[in-house]
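**Q** This is a predicted model, with the sequence first.
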Amino acid sequence: MHWIDWSIVGIFLVSMVAVGLYFSKRAGDSIDSYFVSGRSLKWYIVGASLIATSFAADTPLWVTSLVRQNGIHAIWQYWSPLIGGALAVVLFSRLWRRLGVITDIEMLELRYSGPAAKSLRGISATMGALVLCPLIIGWVVKAMDTIVRETMGLPPEYQMMSTGVILLCALLLCALSGLYGVVYTDFIQFIIATVGVIVLAILSIREVGGISSMVEQLSNMSEWQGKGLNIAPRIGSAPGYMSIWNAIGFFGLLWIGVAMSGGYNAQRILASKDSRHASIGMLMHTIVYYAVISWPWIAVALASIIIFPDMGAAGDDAAYPRMVLHILPVGLRGIMIAAMMAAFISTISTLFNWGSSYIVNDLYRRFIRKDEKPKHYVTVARLVTTGVGIAGAIISLYAEDIQQLLGIFYVVGGGSLLIGLMRWFWWRMTPRAELVAFVMTWVVALLMLFAKIFDQPMAILLNLPEDVSFSSDYSLLGARMLFMAVFGLIVGVIVSYTGKPTDMEKLKEFVRRSGVPRPGWGPVVREMEDHKAGVSVPLTLWHWALVTILIVCLLFSIGSFILGRWALSAVLFAVFFGLLIHSVAVIGKELGNRSEQG
């Protein structure tokens with residue numbers, strides 16, 4: 001890196017800390033200000049913040065690795081959750097915003113009653129803040145290590161120190177300014193990162209001779225599994241194809257967690273001004289993140305196959321940062337590295353704030369110190385943020401690669417997917433059932449991943465090879481996800497029917513406040529006089545299909561353009577644009593007169 005590049009990176013890092021200082025006073029007013037920005041965010045801030053957070057430093061590296069190893073069609077592991085993103089637009093963003101809680105876990109005591117509800121909230125907050133959040137931090141930090149190694153040219157002994165400095169800047173930003181600073185820097189980082197990746201993609205394609213030349217060269221690579229340049233998913237047992245089990249996992253299960261929009265997604269929704277801003281912000285995020293921003297990464301990955309056909313010991317995920325150094329001139333190189341740091345900081349600062357919100361709002365304020373002054377909780381939140389960051393950094397030191405951490409996350413999270421849906425759509429689900437299912441799925445998942453004791457039962461039940469544990473073939477990841485999801489559902493249903501249902505008054509208040517669809521809540525709704533359904537099921541399903549189609553049309557339109565199929569690209573874009581206008585009009589009509597201030 002030239003001194004100009006170093007200067008750009010330095011200015012960027014200092015400016016992030018300055019933003020934290022600027023918002024520190026506003027964030028320190030109350031716990032609502034610190035964790036949900038006083039519920040004041042407009043749709044474009046919500047959307048940009050969600051995009052910037054989802055666009056982590058690890059994502060272009062992961063996408064590059066998938067393309068280099070298997071071809072464009074392998075990116076459906078990344079794209080498949082768009083189905084859930086579309087459902088979040090038309091349903092879950094509205095349900096969350098109407099609840100008006102501070103964290104998604106706080107919702108548990110609105111949905112359930114009794115001591116079991118308190119226990120479920122406490123355990124969920126503990127696992128989310130101390131396990132899941134640090135796990136995600138771990139793979140994001142792991143990616144930043146790779147970027148530092150490939151782009152800065154520092155000796156090995158300084159690489160970890162450099163990642164630590166960037167991590168410290170993110171920590172200061174988050175601790176000082178809370179969600180205010182996080183979302184407004186996200187907006188800036190979204191612009192920087194988007195411009196950076198598009199410029200790199202354009203220059204990468206030009207480096208290999210333009211679109212036509214790139215397509216011709218890639219098509220002639222007989223040993224590359226993606227030479228057909230197929231965009232549609234390819235499912236089967238051939239090398240480079242998505243296995244049938246993974247297709248079940250990704251298209252049948254993975255999107256459910258995205259649809260329910262828990263964690264930091266719920267935090268952004270809850271911080272929005274009202275349901276309309278929440279829904280349009282989620283629409284902006286789903287369109288840009290799945291259909292737009294992924295294609296510049298794919299273009300760079302395709303060009304990297306021509307320029308760096310063999311990455312050797314560095315690994316395929318290192319190709320993206322290496323392209324930054326190879327393609328970009330002095331100045332632009334610094335901007336692009338700052339853009340990748342922006343992606344890292346936007347994600348990591350969100351995770352810091354999200355993890356500390358669980359500890360402070362759902363543990364400390366709920367169970368330990370209930371009636372302290374608002375500024376006391378803000379001080380505690382700033383201290384807790386540091387601990388969450390340290391836990392994530394430790395995990396990153398012991399992880400072998402990003403895909404390993406993703407595999408753990410998918411399997412462990414799979415056990416709660418269907419249980420989460422039942423919480424929203426089945427009145428008979430109880431906190432005791434969730435609690436038992438939660439504990440048992442975690443125990444079973446850890447035994448599966450690391451003790452391998454379920455290899456033989458899974459082989460018999462699902463007709464699989466005997467070694468289907470975490471350390472085995474990645475193509476069986478979907479089988480492990482399915483096993484965990486079904487196991488969790490069976491446990492939840494059995495335990496629900498063996499105990500008393502939640503107090504009827506609590507259930508009626510939840511239905512009234514959230515506006516959940518009537519199916520699954522019949523016995524409760526019949527007890528409510530003059531109840532009006534907050535959601536029309538047929539209309540929701542219709543709008544879900546339309547939003548899904550419009551995203552897929554844009555995805556294939558941009559892909560077709562990059563691969564030189566311009567006529568098809570134009571037709572698909574026209575369909576996308578028409579459906580987009582219709583969807584925004586529908587959201588405005590349905591929610592324009594609503595105002596849930598929380």
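**A** Cool, the structure landed. Numbering: from 1, shown residues only.
**Q** Share the number of residues neighbouring Asp58, please.
**A** Neighbours of Asp58 under the rule other C-beta atoms under 10 Å: 24. C-betas here are computed from N, CA, C, even on glycine.
**Q** Pretty sure it sits against Gly138.
**A** No: if you go by C-beta atoms under 8 Å, Asp58 and Gly138 don't touch, sitting 10.0 Å apart.
**Q** Just the pLDDT at the residue sitting furthest away from the middle of the chain, thanks.
**A** Largest separation from the mean C-alpha position in the chain: Glu529, at 39.2 Å (C-alpha atoms, centre = their mean). Looking at Glu529, its pLDDT stands at 78.
**Q** What is the neighbour count of Leu332?
**A** Other residues within reach of Leu332, judged by other C-beta under 10 Å, total 18.
**Q** sec struct for the residue farthest from the centre of the chain, please.
**A** Under DSSP: H, G, I helix; E, B strand; the rest coil, the three-state class of Glu529 is coil.
**Q** Distance of it relative to Ile305?
**A** Glu529 sits 65 Å away from Ile305, going by C-beta to C-beta, to the nearest Å.
**Q** repeat for Val19
**A** Look at Val19 and Ile305: by C-beta to C-beta, they are 38 Å apart.
**Q** Also Gly47?
**A** 32 Å.
**Q** for the stretch 401-550 of the chain, what are the low-confidence residue spans?
**A** 401-412, 449-476 (pLDDT under 70).
**Q** how about 90 then?
**A** 401-418, 420, 438-488, 499, 515, 517-519, 526-537 (pLDDT under 90).
**Q** just the stretch 51-200 of the chain next, same as before
**A** For the stretch 51-200 of the chain, residues meeting the criterion pLDDT under 90 lie at 51-62, 66, 69-70, 73-74, 77, 100, 102-103, 114, 123-197.
**Q** rewinding a little: okay, Val19 and Ile305: which has more neighbours?
**A** Comparing Val19 with Ile305 by other C-beta under 10 Å, the one with more neighbours is Ile305, at 24 against 18.
**Q** Would you agree the more buried one is in contact with Trp224?
**A** Yes: between Ile305 and Trp224 there is a contact under C-beta under 8 Å: 6.5 Å.
**Q** hey, what's in contact with both of those two?
**A** Leu218 (C-beta atoms under 8 Å, 6 or more residues apart in numbering).
**Q** Can you show me the helices along the stretch 101-250 of the chain?
**A** Remark: helices assigned in the stretch 101-250 of the chain by DSSP state H, counting those that start in this stretch are 108-111, 115-127, 133-151, 156-207, 211-219, 244-249.
**Q** which residues sit against the shortest one?
**A** This points to helix 108-111. With C-beta under 8 Å, 6+ apart as the test, helix 108-111 has contacts from 99, 101, 117-118, 120-121, 124, 423, 431, 434, 502, 506, 509-510, 513.
**Q** And that helix, how far out from the chain middle?
**A** 24 Å (C-alpha atoms, centre = their mean, to the nearest Å).
**Q** now the fourth one
**A** Averaging C-alpha coordinates over helix 156-207 and over its chain gives two centres that are 17 Å apart (C-alpha atoms, centre = their mean).
**Q** and that helix with helix 211-219, angle?
**A** Using axes from the mean of the first three to the mean of the last three C-alpha atoms, to 10 degrees, the inter-axis angle of helix 156-207 relative to helix 211-219 is 120 degrees.
**Q** coming back round to it: please tell me how far the residue farthest from the centre of the chain sits from Pro501.
**A** Where Pro501 is concerned, Glu529 sits at a distance of 20 Å (C-beta to C-beta).
**Q** Which helix or strand contains Ile345?
**A** helix 332-357 (DSSP states H and E).
**Q** Show me what that helix packs onto, helices and strands only.
**A** Judged by 3 or more C-beta pairs under 8 Å, 6 or more residues apart in numbering; DSSP states H and E, the packing partners of helix 332-357 are helix 3-27, helix 43-54, helix 58-70, helix 133-151, helix 156-207, helix 263-271, helix 319-327, helix 374-398.
**Q** give the contact list for Trp427.
**A** Pro501, Thr502, Leu507, Gly520, Trp521, Gly522, Pro523, Val524.
**Q** make it 10 Å
**A** Contact partners of Trp427, counting by C-beta atoms under 10 Å, 6 or more residues apart in numbering, are 111, 501-502, 504, 507-508, 510-511, 516, 520-525.
**Q** Tell me which two of these sit farthest apart.
**A** With C-beta to C-beta as the measure, no two of these lie farther apart than Arg111 and Gly522, at 17.0 Å.
**Q** out of these two, which sits in the more crowded spot?
**A** Remark: of Arg111 and Gly522, Arg111 carries more neighbours, 23 against 10, as counted by other C-beta under 10 Å.
**Q** Roughly how far does the more buried one sit from Leu120?
**A** 10 Å.
**Q** what residues do these two have in common as contacts?
**A** What both Arg111 and Leu120 touch, as defined by C-beta under 10 Å, 6+ apart, is the set Pro431, Glu434.
**Q** which stretch of helix or strand covers the closest residue to Pro517 other than its chain neighbours?
**A** Using C-beta to C-beta, 6 or more residues apart in numbering and skipping residues adjacent in sequence, the residue nearest Pro517 is Val535, 4.5 Å away. Using DSSP H and E, Val535 sits in no helix or strand.
**Q** The one 10 residues further on too?
**A** Under the criterion DSSP H and E, the helix or strand holding Ala545 is helix 537-562.
**Q** Toward the C-terminus, what is the element adjacent to that helix?
**A** Immediately after helix 537-562, counting by DSSP H and E, sits helix 566-591.
**Q** Show me which residues of that next one are buried.
**A** Ser569, Leu572, Phe573, Val575, Phe576, Leu579, Leu580, Ser583, Val586, Ile587, Glu590, Leu591 (16 or more other C-beta atoms under 10 Å).
**Q** And the residue nearest to Pro517, its phi and psi?
**A** Dihedral pair for Val535: phi -140, psi 130, per degrees, to the nearest 10.
**Q** quick one, what contacts it?
**A** Val90, Leu91, Arg94, Leu95, Ser514, Gly515, Val516, Pro517, Arg518, Pro519, Glu590.
**Q** Touching, the second one and Ile587? I think so.
**A** Going back to what we said before, that points to Leu91. No: the criterion here is C-beta atoms under 10 Å, and Leu91 misses it with Ile587 at 11.7 Å.
**Q** so what sits against both of these two?
**A** With C-beta under 10 Å, 6+ apart as the test, Leu91 and Ile587 both reach Ser279, His543.
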